[in-house]
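Asks: Need coordinates for the below:
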Amino acid sequence: MSQERELTARKLFFSFYDGKLNDNQEVTLEGWVKSHRNNGSVGFIEFNDGSYFKNIQLVYDKDNKNFEQISKIKYGSSIQVKGLIKLTPEMKQPFEVHIDSATVLGDCAEDYPLQKKKHSFEFLRDIAYLRPRANTFNAVYRVRNTLAYAIHKFFQERGFMYVHTPIITANDAEGAGQVFHVVNDFKHPDEFFNSSACLTVSGQLHVESFALAFRDVYTFGPTFRAENSNTNRHASEFWMIEPEIAFADLDDDMDLIESFLKYIIKYVLDNCPEEMKFFDTFIDKGVIEKLNNVINAPFVRMDYTKAIELLEKAVKAGHKFENNNIFWGMDLNSEHERYVTEEIVKGPVFLINYPKEIKAFYMKLNPDNKTVAACDLLVPKEGEIVGGSQREEDYSKLQAKMKELGNEKGLEWYLNLRKYGGCIHSGFGLGFDRLLMYITGMQNIRDVQPFPRCPGSLKY
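Replies: Okay, the predicted model is just below:
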């Protein structure tokens, strides 16, 4: 690798922070022009090479033999620049590069859509192939990368095995029925596999089989839902984090969720300080404080039944929800979840032991025969962010539930896991894209995904 390519803006910034960047040090950099202005005698180029969120200021003046050539470099162009480091710790930027020579590697056409003005997120969605160059999305995708790494780092450090669960499957996991069917050019769509085939809505059922061989496992990959919903929280393709732990009950599961969430949030705050500062300033004022509160708070555990009682009490006291019809057995709305976490607990809270009718078939039936050993983690300003449960390990109970729902056919293998050396096991699911929204303060799932897939939109 050439010496020029090895030198990046990231290395220069880190050298400065470590006190190792030298004044008058010669550098060669390659990257893109983020802005360019000159007053006829001195010019300034905001430069970014993609390795770090902050730009480097490049400076040139009339004394430069290539002044006229450099002054014509267009916004958006890719360039190679050679020059000298000038330390400026007293200025807004800690250092700048005084240009000796600059070469245009790739000129930028006049019709470049990203002009030097504020663009709406809606406009930028329409040019998704260019929006990584915009400040907001540059920050979003950097955090997305760091968050994904933190997830793998957490599990790998604790001995979890990473499992690649199938994208094409014959089951729809929780039985939602909102799946994308895999079709082909055969006369009958199911002819290729000799069975119905769809894109996965969850890797959980498949990863459970690995938990019963490797103890602690996780899958982290794309999932698909054919929900014709155009809300800011729904997408047709998104990533899910789904760990599964053997010889573990619901309490163990909640312990894992708490330590996991605190770890990955702290990792992002520690490793993306400039990006998070940007979000706190321009996107969601107070987002860093919100995240630090989650890191430092104990996660309270509250029974679903208790939460219903408190919500009923709030309504009687005059609180107005959009849905004031609170009753045991209901599936809580986001406004109810936020009230519990923001007004009652004033911090993160696990709601546990939900009515069996509103939860998935595989969740463990509690001794009361009315509730299941499930948990939802609620956090302030969001509501539910993680869902988990202890899985039903009793063969006959799970079989009875599956027969009742009519989903036993095709899932005999899943039921057999309880028959061949089964044990208590638990797990949870967390939507990666919604988690990224929560961490960055971005308000639309389309703005945290590189190329969002939503109803009515498949441009790229």
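Asks: And whatever helix or strand Tyr149 lives in, what does it pack against?
Replies: Element membership for Tyr149, per DSSP states H and E: helix 135-157. Using 3 or more CB pairs under 8 Å, 6 or more residues apart in numbering; DSSP states H and E, the elements in contact with helix 135-157 are strand 161-162, strand 216-224, helix 250-271, helix 273-278, helix 432-440. Where C-beta positions appear, they are placed from N, C-alpha and C, glycine not excepted.
Asks: which one of those is the most hemmed in?
Replies: The highest mean neighbour count among the helices and strands packed on helix 135-157, using mean count of other CB atoms under 10 Å, belongs to helix 432-440: a mean of 23.
Asks: what mean pLDDT would you report for it?
Replies: Here helix 432-440 scores 98 as its mean pLDDT.
Asks: neighbouring contacts of it?
Replies: 139-140, 143-144, 147-148, 151, 220, 233, 235, 238-241, 265, 268, 279, 283-284, 287, 291, 379, 381-382, 385, 442-445, 448-449 (CB atoms under 8 Å, 6 or more residues apart in numbering).
Asks: Please apply the same query to stretch 226-239.
Replies: By CB under 8 Å, 6+ apart, stretch 226-239 touches 178-180, 220-225, 431-434, 437, 443-446, 449, 452-456.
Asks: and if you look at stretch 108-115?
Replies: 33, 74-77, 127, 130, 133-134.
Asks: Of the contacts of helix 432-440, select the buried ones using a ChimeraX command.
Replies: To isolate the buried ones among the contacts of helix 432-440 in ChimeraX, judged by 16 or more other CB atoms under 10 Å, type:
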select :139,140,143,144,147,148,151,220,235,238,239,240,241,265,268,279,283,284,287,291,379,382,385,442,444,445,448,449
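Asks: now the helices and strands packed on helix 135-157 as a markdown table including distance to Lys117?
Replies: Below are these laid out as a markdown table (distance: least, CB to CB, whole Å):
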| stretch | distance to Lys117 |
| --- | --- |
| strand 161-162 | 44 |
| strand 216-224 | 35 |
| helix 250-271 | 30 |
| helix 273-278 | 18 |
| helix 432-440 | 23 |
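Asks: so which of those comes closest to Ile56?
Replies: Among those, the nearest to Ile56 by CB to CB is helix 273-278 (13.0 Å).
Asks: Figure out how far whichever helix or strand comes after that closest one is from the centre of its chain.
Replies: Beyond helix 273-278 in the direction of the C-terminus, DSSP H and E gives the next helix or strand as helix 287-296. Here the centre of helix 287-296 is set off from its chain's centre by 17 Å, with CA atoms, centre = their mean, to the nearest Å.
Asks: send the alpha carbons of helix 287-296 over as PDB?
Replies: In PDB, the C-alpha atoms belonging to helix 287-296 read as follows (Å, rounded to 0.1, in the frame of the first residue of the first chain):
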ATOM      1  CA  VAL A 287     -29.800  12.800  23.000                       C
ATOM      2  CA  ILE A 288     -26.500  12.300  24.700                       C
ATOM      3  CA  GLU A 289     -28.000  13.000  28.200                       C
ATOM      4  CA  LYS A 290     -30.900  10.600  27.300                       C
ATOM      5  CA  LEU A 291     -28.400   7.800  26.500                       C
ATOM      6  CA  ASN A 292     -26.300   8.500  29.500                       C
ATOM      7  CA  ASN A 293     -29.400   8.200  31.700                       C
ATOM      8  CA  VAL A 294     -30.000   4.700  30.200                       C
ATOM      9  CA  ILE A 295     -26.400   3.700  30.900                       C
ATOM     10  CA  ASN A 296     -26.500   4.800  34.500                       C
END
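Asks: need the next SSE after that helix, C-terminal direction.
Replies: Criterion used, DSSP H and E; the element after helix 287-296 is strand 300-303.
Asks: Many thanks, I have nothing further to ask.
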